[in-house]
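Enquirer: coordinates only, sequence not included:
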C-alpha cells in the first residue's frame with residue numbers, strides 16, 4: 001500500500017489551471033506563442049505514456065512554431081473556433097468536430113487562429129524518449145532530454 005494520493009477520476013477540463021510557463025522555446029521565439037494557453041490534462045491523471053492538453057488560442061495566436069517530430073505522433077481535435085492548419089502541403093481551415101493527425105517524421109505543421117474568437121482544441125501526443133523536433137522555417141532544433149525537458153539549439157548545434 002502506498003501513501004501517495006490517487007489522481008482524480010474526473011475533472012472539468014477548463015477548471016485545470018493553465019500551464020504557468022507559456023513556452024519552452026528560446027526567448028527569441030517564445031513571443032510567437034503568447035496567444036496560447038495550455039491545460040495539461042494528462043498530467044492531472046498521472047498519465048505517463050502520452051500527454052493530453054486542452055489548448056486555447058486567442059485571436060492571432062498560434063499553437064507552436066511549424067515543426068515535425070522524429071518519434072512522436074500528434075493528434076488534434078477542434079472543439080471551438082476555426083483555426084488554420086498550416087503544413088508543408090499548404091493551408092486548410094478546420095472547424096469544430098474536425099481532427100488532424102501527424103505521424104512522426106511526417107508533415108511539418110502548426111495551427112494559427114486568424115479568426116475573431118478563441119480556438120479551443122485537444123492535442124494528444126506520446127512521450128517517447130529520444131524524440132527530436134525540426135523547424136523548417138526557423139533556425140531551431142530540439143531534442144527531448146533524459147529528464148523529459150526540451151533542449152533547443154540552432155540548426156548547426158550551437159546552443160541558445
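Expert: Right, received. Where do you want to start? Computed from a predicted structure; not experimentally measured.
Enquirer: CA only for contacts and neighbour counts going forward, please
Expert: Fine.
Enquirer: mind checking pLDDT for residue 1?
Expert: Note on residue 1: pLDDT of 56.
Enquirer: give me every residue that touches residue 135.
Expert: The neighbours of residue 135, taking CA atoms under 8 Å, 6 or more residues apart in numbering as the test, are 65-68, 108, 141.
Enquirer: try residue 16
Expert: 39-41.
Enquirer: Top of the residues you listed by number of neighbours, please.
Expert: For the contacts of residue 16, neighbours were counted using other CA atoms under 10 Å, and residue 41 has the most, 24 neighbours in all.
Enquirer: hang on, isn't that one packed against residue 54?
Expert: Yes - between residue 41 and residue 54 there is a contact under CA atoms under 8 Å: 6.7 Å.
Enquirer: list residues touching both of those two?
Expert: With CA under 8 Å, 6+ apart as the test, residue 41 and residue 54 both reach residue 13.
Enquirer: Mind checking which of the contacts of residue 16 land in helices?
Expert: Here DSSP state H is the test, and the contacts of residue 16 give residue 41 as lying in helices.
Enquirer: What is the nearest of the contacts of residue 16 to residue 118?
Expert: residue 39 (14.9 Å; CA to CA).
Enquirer: Hmm, residue 20 and that closest one touching each other?
Expert: No - assessed by CA under 8 Å, residue 39 is found out of contact with residue 20, at 9.4 Å.
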